[in-house]
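**Q** Provided below are the primary sequence and the corresponding predicted coordinates.
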Amino acid sequence: MSTIPMQEPIAYFSLETAADLVGVTAECQGGKCTSVAFEIVSAFVDRVYLQVGARGVGTVSADIVWGAKLVEELGKRIKGIKRAPKAAYTPHHPENSEIKGISFLEFPEPLFQDANGEVA
């Protein structure tokens, strides 16, 4: 881990992330950082409701998106679900051909279920 030298009134630098370099603007005053802004890495939706078979689980629905959020391994059962979309499909970033594939999965809980059983 390293420290970025303070530069008043504004310091500009980049952080390396799994997605790409992220630009950072830090406002500094009186020897303290008072505000930090990050350039968000472009996110996109590639596939929605991709049906894939996961060994030991059955068919699961996968949405393929790029958002650069890092997650830890979630156990042997989750690993089977993680392998299924990778085997079925390889997404490609629309602006950077070097970014491709599936690195992480997210398992969001539904916010609500409507009268027709649709989950949002």
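**A** Perfect, thanks for sending it. Numbers count the residues shown, from 1 in each chain.

**Q** separation between residue 105 and residue 91?
**A** 13 Å (CB to CB, to the nearest Å). (C-beta placed from N, C-alpha, C; glycine too.)

**Q** Do you have the helices of this structure handy? List them.
**A** Here the chain has its helices, by DSSP state H, at 76-88.

**Q** buried ones in the longest strand seen in it?
**A** Ranked by number of residues, the top strand in the chain under DSSP state E is strand 44-54. Across strand 44-54, burial judged by 16 or more other CB atoms under 10 Å covers 46, 50, 52, 54.

**Q** partners of that strand in the sheet?
**A** strand 58-66 (antiparallel) (DSSP bridges).

**Q** Could I get the CA-only coordinates of the strand it pairs with as CSV?
**A** C-alpha atoms of strand 58-66 as CSV (Å, rounded to 0.1, in the frame of the first residue of the first chain):
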residue,chain,number,x,y,z
GLY,A,58,-30.2,-27.0,-12.2
THR,A,59,-31.1,-24.2,-14.6
VAL,A,60,-30.3,-20.7,-13.4
SER,A,61,-31.0,-17.4,-15.0
ALA,A,62,-27.9,-15.1,-15.4
ASP,A,63,-27.7,-11.4,-16.3
ILE,A,64,-24.3,-10.6,-17.8
VAL,A,65,-23.2,-7.1,-16.9
TRP,A,66,-19.9,-5.3,-16.5
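
**Q** what residues does that strand touch?
**A** Strand 58-66 is contacted from outside by 19, 42-54, 81, 84-85, 89, 91, 93, 99, 102, 105, using CB atoms under 8 Å, 6 or more residues apart in numbering.

**Q** List the contacts of the nearest residue to residue 12 once chain neighbours are set aside.
**A** What sits nearest to residue 12 in space, not counting adjacent residues and going by CB to CB, 6 or more residues apart in numbering, is residue 25, at 5.8 Å. For residue 25, the residues meeting the contact criterion (CB under 8 Å, 6+ apart) are 10-12, 36-37.
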